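what's the 3D shape of this:
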Amino acid sequence: YYRSKGMNVCNQNAKTKHWGMATVVHILERMEYLGHTVNYKTYRKSYKNKKLYENPKENWLITENTHEPIISQHDFDLVQEIRSHKKRRQKSGTVSPFAGMVYCADCGNTLYVGRAQTMTPNQEHMMCSTYAHDSDECTAHYIRTCVLTEIVLGELNKLVQYVRDNEDEFVRRAMNTNTTTQDSEMQTARKALKVAEKRINELDDLFERLYEDNVSGKISDERFATMSARYETEQSRLKADAAKLSETINHKEQKKSDVMSFVNIVKKYEEFTELTPEIMHELIDRITVHAPEGGRGNRTQQVDITFRFKVVTATATADFKQYYVRRKAV
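Residues are numbered from 1 along each chain as shown. Sure, this is the predicted structure:
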């Protein structure tokens with residue numbers, strides 16, 4: 001773009017006007033598009049040194065909602081989620097929807113997708129990456145992608161149907177409590193936090209007056225030391241209580257926000273007939289594949305599906321003798 005406008009760019013010899021991969025990655029990670037202002041991304045070690053160094057993200061100064069966003073938080077988070085998983089584009093130009101999302105139940109490493117031009121779709125499979133490098137460290141945890149696809153599609157469609165028919169019940173179960181009880185607990189915690197913060201401020205005023213009385217000679221140094229120690233003990237306890245209450249409130253609010261966000265995502269869909277990387281990353285956090293049990297003719301294999309925000313986990317068993325998916329629990 002700059003080159004087409006006749007402006008100076010770093011690489012004047014580049015023949016294409018297309019964006020490079022690094023440029024696209026930089027765009028996808030910019031929090032400014034969320035409406036925030038981000039400062040201190042870089043720094044100089046000395047005013048004498050003109051070289052810029054990248055600052056760790058924890059040292060950034062982020063001021064939220066300073067301008068109009070051009071992308072929603074949901075879309076931004078989804079892009080970061082997709083980019084966080086390693087995936088390799090196949091020779092066919094496609095990316096497996098399971099890439100970087102399926103894990104071994106025993107060693108915890110990812111399962112990789114096994115494909116070949118000589119394989120039929122039903123022969124494509126996934127295998128533990130640890131086993132692939134050293135068969136003594138883990139077992140194969142082999143599962144065909146067509147079987148895993150059937151399991152995931154089945155659980156997703158059951159989830160959509162359940163949320164559509166029993167939204168309140170789903171929210172209650174995901175929150176692990178009754179909604180009315182949850183609201184009551186939140187209200188009680190907020191009241192307790194307000195009382196604690198008020199008393200902390202009162203103690204600050206008492207400290208100030210106590211100090212003035214000591215300086216003016218109204219109370220002795222001994223009395224000042226005794227009273228200030230008592231106030232400090234009380235204030236330390238209140239600050240600790242306030243911190244715990246704030247953490248509890250924030251956790252419950254975040255949990256409720258996550259559950260409602262997940263419900264709104266699920267309600268966008270009516271039925272799943274195929275899996276795409278976008279669907280997987282929007283609805284599923286991870287898939288855990290257990291080692292198969294039984295031998296030829298009675299082989300079964302457990303698969304755990306943890307949905308986004310960890311709101312619920314579905315456990316299914318693939319029975320290879322009958323080739324069907326039997327739901328065990330939600």
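
sketch out the low-pLDDT regions of the stretch 51-200 of the chain for me.
Scanning the stretch 51-200 of the chain for pLDDT under 70 picks out the ranges 85-94, 177-182.

can you give me the helices for it?
With DSSP state H, counting those that start in this stretch as the criterion, the stretch 51-200 of the chain has helices at 73-84, 129-133, 145-165, 167-175, 179-216.

mind giving me the packing neighbours of the third one?
With contacts defined as 3 or more C-beta pairs under 8 Å, 6 or more residues apart in numbering; DSSP states H and E, the secondary structure elements packing on helix 145-165 are strand 125-128, helix 221-266, helix 277-283, strand 284-289, strand 300-307, strand 313-319, strand 324-329. For glycine as for every other residue, the C-beta is placed from the backbone atoms N, C-alpha and C.

repeat for the first one
When contacts are defined as 3+ C-beta pairs under 8 Å, 6+ apart, helix 73-84 sits against helix 21-28, helix 277-283.

before we move on, back to that, to residue 121, which of the helices of the stretch 51-200 of the chain lies closest?
helix 145-165 (6.4 Å; C-beta to C-beta).

okay, that closest one in PDB with CA atoms only?
Only the C-alpha atoms of helix 145-165 are listed here, as PDB (Å, rounded to 0.1, in the frame of the first residue of the first chain):
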ATOM      1  CA  THR A 145     -10.600 -39.300  12.200                       C
ATOM      2  CA  CYS A 146     -13.900 -40.400  10.800                       C
ATOM      3  CA  VAL A 147     -14.700 -42.000  14.200                       C
ATOM      4  CA  LEU A 148     -13.600 -38.900  16.100                       C
ATOM      5  CA  THR A 149     -15.600 -36.700  13.700                       C
ATOM      6  CA  GLU A 150     -18.700 -38.800  14.300                       C
ATOM      7  CA  ILE A 151     -18.200 -38.500  18.100                       C
ATOM      8  CA  VAL A 152     -17.700 -34.700  18.000                       C
ATOM      9  CA  LEU A 153     -20.600 -34.000  15.600                       C
ATOM     10  CA  GLY A 154     -22.900 -36.200  17.700                       C
ATOM     11  CA  GLU A 155     -21.900 -34.300  20.900                       C
ATOM     12  CA  LEU A 156     -22.200 -30.900  19.300                       C
ATOM     13  CA  ASN A 157     -25.700 -31.700  18.000                       C
ATOM     14  CA  LYS A 158     -26.800 -33.000  21.400                       C
ATOM     15  CA  LEU A 159     -25.400 -29.800  22.900                       C
ATOM     16  CA  VAL A 160     -27.300 -27.500  20.500                       C
ATOM     17  CA  GLN A 161     -30.600 -29.400  21.100                       C
ATOM     18  CA  TYR A 162     -30.100 -29.400  24.900                       C
ATOM     19  CA  VAL A 163     -29.400 -25.600  25.000                       C
ATOM     20  CA  ARG A 164     -32.300 -24.900  22.700                       C
ATOM     21  CA  ASP A 165     -34.800 -26.900  24.800                       C
END
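
list the buried ones in it?
For helix 145-165, a neighbour-count test (16 or more other C-beta atoms under 10 Å) marks 145, 147-156, 159-160, 162-163 as buried.

out of these, who's nearest residue 269?
residue 160 (5.5 Å).
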